[in-house]
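**Student:** Let me see the structure of the following:
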Amino acid sequence: MEWTAVTVITSNEAVEAVSYILTDEGASGVQIDNAADYAHLQAGHYGKYGEIVDPQTLPHRQHGAAVTGYFPPKTFLPELIRTIESRVKQLASFGLNCGPGTVESSAIKDEQWATVWQKYYHSVRVTNQLTIVPKWEDYHRQQAGEKLLILDPGMAFGTGTHPTTKLMLQALETVIKGGESMIDVGTGSGVLSIAAKQLGAGHVIAYDIDETAVASARENLNLNPVASDVELGVNSLLDGIHQQVDLVVANILAEIIVPLIPQAWDNLKQGGQLLLSGIIKDKLSLVTETLSKQGFLVDETLRMKDWYGIIAHRPTEQE
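**Tutor:** Purely as a prediction, here's the structure:
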């Protein structure tokens with residue numbers, strides 16, 4: 001049985017948005033080959049037989065990124081490719097440079113795409129405390145207190161090293177003191193839930209609208225015993241959820257964040273914090289204004305490259 005790989009050649013800053021487009025159009029998984037992922041890698045056990053290799057000598061993109069979505073058999077390709085091309089070009093209207101924005105497709109067998117992403121995925125330190133490690137690498141902690149997030153991206157929801165994910169991991173490291181209850185909206189690979197548990201969070205619930213993402217998240221949670229008690233479910237944002245928690249986190253596009261904000265308000269305790277990422281510059285004011293209208297107070301705005309994250313909270317009666 002042949003699947004179809006649809007690849008978009010794009011810029012580093014548009015990786016998250018292009019990944020979303022491919023998933024939204026029905027991709028069962030997304031592989032990201034991003035030149036930026038190699039920029040800060042240290043020499044490690046990347047060789048075929050476990051030998052130490054300089055990552056810069058590995059075959060990899062020198063510029064920009066290629067985002068590949070895998071589509072099941074019987075997908076009608078002519079219409080799909082036209083739609084993807086159109087949506088990628090529209091990213092410019094949101095202030096995103098999509099780079100070349102070219103779209104190409106190829107047939108790929110099941111057994112090929114089961115392992116193709118592994119050559120692009122290596123251990124990387126993403127915050128002061130957190131290091132993302134693929135399950136097939138033999139990685140040893142570099143210092144006391146370093147916390148490992150073991151991931152198998154499978155059909156892949158990126159490497160966890162995109163700026164939007166890094167911003168959220170930094171925000172989690174900032175706000176978690178220990179024992180917090182949390183809802184992870186749009187969990188994807190589950191990396192934020194795993195990080196929260198590693199940092200000391202208490203009860204964590206994670207939702208995603210995509211069943212494939214939930215299955216991927218479950219596999220990754222199982223690789224991290226500290227996160228074995230995270231509850232997983234299929235859900236659209238926080239529709240129908242009524243549970244007061246200390247933290248709500250979401251690394252999704254701004255257009256999806258806006259309708260999430262009133263839902264997050266209803267599901268946060270007084271003083272509870274809302275952590276958001278996936279916001280481009282042109283949408284930052286939209287998100288902050290929506291937060292303000294809802295009654296949230298913005299505590300901190302984070303930035304990495306062209307992406308923004310926000311830490312806000314629901315005020316207490318005394319504020």
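
**Student:** Please pull up the helix or strand immediately following the lowest-mean-pLDDT helix or strand in the chain.
**Tutor:** Least confident helix or strand, the chain: helix 110-113 with a mean of 58, by mean pLDDT, DSSP states H and E. Where DSSP states H and E defines the elements, the next helix or strand beyond helix 110-113 is strand 124-125.

**Student:** That following strand - what's its average pLDDT?
**Tutor:** Across strand 124-125, pLDDT averages out at 85.

**Student:** What is the subsequent helix or strand relative to that strand?
**Tutor:** From strand 124-125 onward toward the C-terminus, using DSSP H and E, the following helix or strand is strand 130-134.

**Student:** now for the helix or strand immediately after that following strand in the chain, which elements pack on it?
**Tutor:** Note on strand 130-134: by DSSP H and E, the next helix or strand toward the C-terminus is strand 147-151. For strand 147-151, the helices and strands in contact under the criterion 3 or more C-beta pairs under 8 Å, 6 or more residues apart in numbering; DSSP states H and E are strand 130-134, helix 191-198. For every residue, glycine as well, the C-beta is placed using N, CA and C.

**Student:** Let me know the average pLDDT across strand 147-151.
**Tutor:** Averaging the model's pLDDT scores along strand 147-151 yields 93.

**Student:** Adjacent strands (with direction) for it?
**Tutor:** If you go by DSSP bridges, strand 147-151 pairs up with strand 130-134 (parallel).

**Student:** ok so Glu104 is a strand residue?
**Tutor:** Yes. For Glu104, which was evaluated using DSSP: H, G, I helix; E, B strand; the rest coil, the result is membership in a strand.

**Student:** want to throw the helices and strands packed on strand 147-151 into CSV with distance to Gly295 and mean pLDDT?
**Tutor:** As requested, those are exported to CSV (distance: least, C-beta to C-beta, whole Å; pLDDT from 0 to 100):
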stretch, distance to Gly295, mean pLDDT
strand 130-134, 31, 90
helix 191-198, 24, 96
